[in-house]
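S.K.: Following is a predicted model, sequence given first.
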Amino acid sequence: MALQQPIVGRTRVAPASKNFGGRNRWSTTIILLLCAVTVLIPLYVTVVTAFKTTSQAVSGNVFALPAPFSVDGFVEAWNLTNFPQAFGVSVFITAGTVAGVILLAALASYAITRNWNHRFFRGSFYYLLAAMFLPFPAVALPQIQMSGLFGLDNPVGVIILHVMFQLSFSILLFTAFLRSIPGELEESARIDGASTWQTFWRVIFPLLAPMSATVGIFAFLASWNDFMMPSLIISDPAMQTLPVVQKIFQTQFSNNYNVSFASYLMAMAPALIAYLFTQRWVMEGVTQGAVKG
């Protein structure tokens, strides 16, 4: 009997642990499925409504497939909102923001990480992190006045503000990743005669590619979907971005659901495509920074 006690104890504990793990996995799966449904259903309605005619769009059956498929909504939205102009402005602002964030955040993070023992660099890091808790609406009025004073009430001013407000989070990601890069690589480069500037561009920056992709896609999504900052900073209506242009013409979309959904689909398509093609690098960069940092 004494020899059977451990065996009985093991046979009782193992199934309980397995059942608990199974219940935990099923509950997590159900929660994730519910979260996916809340995203997929509105996306499905947007796509099918965009390809309907006006009479089909107002029929009330939002889940029905278009019969027949129609691209009239896309054509009308293209002409009504002057889509090429707004799209070009959005691309210009987003590209400038992504390039500026990656470049400045990488340089600042490298300086902070490699000079962490100096009080100035360590204080600069905490100062930049504190800016994460400063929302744009809290400083909107001073930013509007300063942009107008310096002649930056245009897409260039929006790029500068986008870069400033996204530096904090980007530096946080870059510093976590840079701590995982061994210092021996830089020492080898310096032994070969490379300066600090050459070491960064030839050794460090290429190694930051996964995190640069992560920072870039976050900056892309934040800049492309931003409505408040361009609407407040840009004074010329002809130079507005896609989200602002859609808001301006929203009253003309009120009864044409197929036109409105076609316009929304064209506006969010670049963000969806960019994320689908870069999500692997986003996850890789986040996990590497979290594990090694």
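M.R.: That came through fine. Numbering: from 1, shown residues only.
S.K.: my guess is Trp116 meets Arg122, correct?
M.R.: Yes. Using Cβ atoms under 8 Å as the test, Trp116 is close enough to Arg122 to be in contact (5.9 Å). (Glycine included, C-beta is placed from N, CA and C.)
S.K.: so Thr46 is in which element?
M.R.: For Thr46, the host element (DSSP states H and E) is helix 4-50.
S.K.: so where's the stretch 151-293 of the chain uncertain?
M.R.: 251-255, 281-293 (pLDDT under 70).
S.K.: what's the residue closest to the geometric middle of this protein?
M.R.: Phe218 (2.7 Å; Cα atoms, centre = their mean).
S.K.: Look up how far Val39 lies from it.
M.R.: Counting by Cβ to Cβ, to the nearest Å, the separation of Phe218 from Val39 is 18 Å.
S.K.: what do you get for Leu107?
M.R.: Counting by Cβ to Cβ, the gap from Leu107 to Val39 is 36 Å.
S.K.: So between the two, which is more surrounded?
M.R.: Remark: of Leu107 and Val39, Leu107 carries more neighbours, 15 against 9, as counted by other Cβ atoms under 10 Å.
S.K.: Does the more buried one touch Phe200 like I think?
M.R.: Yes. Using Cβ under 8 Å, Leu107 is in contact with Phe200, at 7.4 Å.
S.K.: Ala57 - how many residues pack around it?
M.R.: 25.
S.K.: what's near enough to touch it?
M.R.: Listed by Cβ atoms under 8 Å, 6 or more residues apart in numbering, the contact partners of Ala57 are Thr49, Gly73, Asn256, Tyr257, Asn258, Phe261.
S.K.: can you list those in TSV and add secondary structure?
M.R.: Shown next, in TSV, are those (DSSP: H, G, I helix; E, B strand; the rest coil):
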residue	secondary structure
Thr49	helix
Gly73	helix
Asn256	coil
Tyr257	helix
Asn258	helix
Phe261	helix
